[in-house]
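J.: Mind folding the following:
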Amino acid sequence: MSAIGYITIDFGGGAGSDSTNVSVTGQTAITGTSYAEAFFMADSTSDHTVEDHCWANTLCALTCSAATAGTGFTIYARAIDKMTGTYKVRFTWAD
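T.: Predicted coordinates for the structure are as follows:
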């Protein structure tokens, strides 16, 4: 089994943050041994342009937790400096 999708991560407003996380749920076919990956693609949100998304990976690393069978996983984002607003993050997982 495998799946693909996207989710929005939010670094908040104002001063922003250098880290955030988001739970990917609803992945009923995922197993405890599935591997997940997250990445930025050229996309946009109300806060950030396609170009912002193209460069986001130079400022921010994404890491996925171990999968929880029948549920999903967590995407952790850690930036080298504070970031603000929302970004779309693509994900995929497979057994």
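
J.: looking at this, Asp52 is in a helix?
T.: Yes: if the criterion is DSSP: H, G, I helix; E, B strand; the rest coil, then Asp52 is within a helix.

J.: how about it, what does it touch?
T.: The contact partners of Asp52, by C-beta atoms under 8 Å, 6 or more residues apart in numbering, come to Ser44, Tyr87. (C-beta placed from N, C-alpha, C; glycine too.)

J.: Next one: it relative to Phe40, how far apart?
T.: When distance is defined by C-beta to C-beta, to the nearest Å, Asp52 is 9 Å away from Phe40.

J.: tell me, what's touching the two both at once?
T.: With contacts defined as C-beta under 8 Å, 6+ apart, the residues shared by Asp52 and Phe40 are Tyr87.

J.: And what about Gly13, helix, strand or coil?
T.: Secondary structure of Gly13, per three-state DSSP, is coil.
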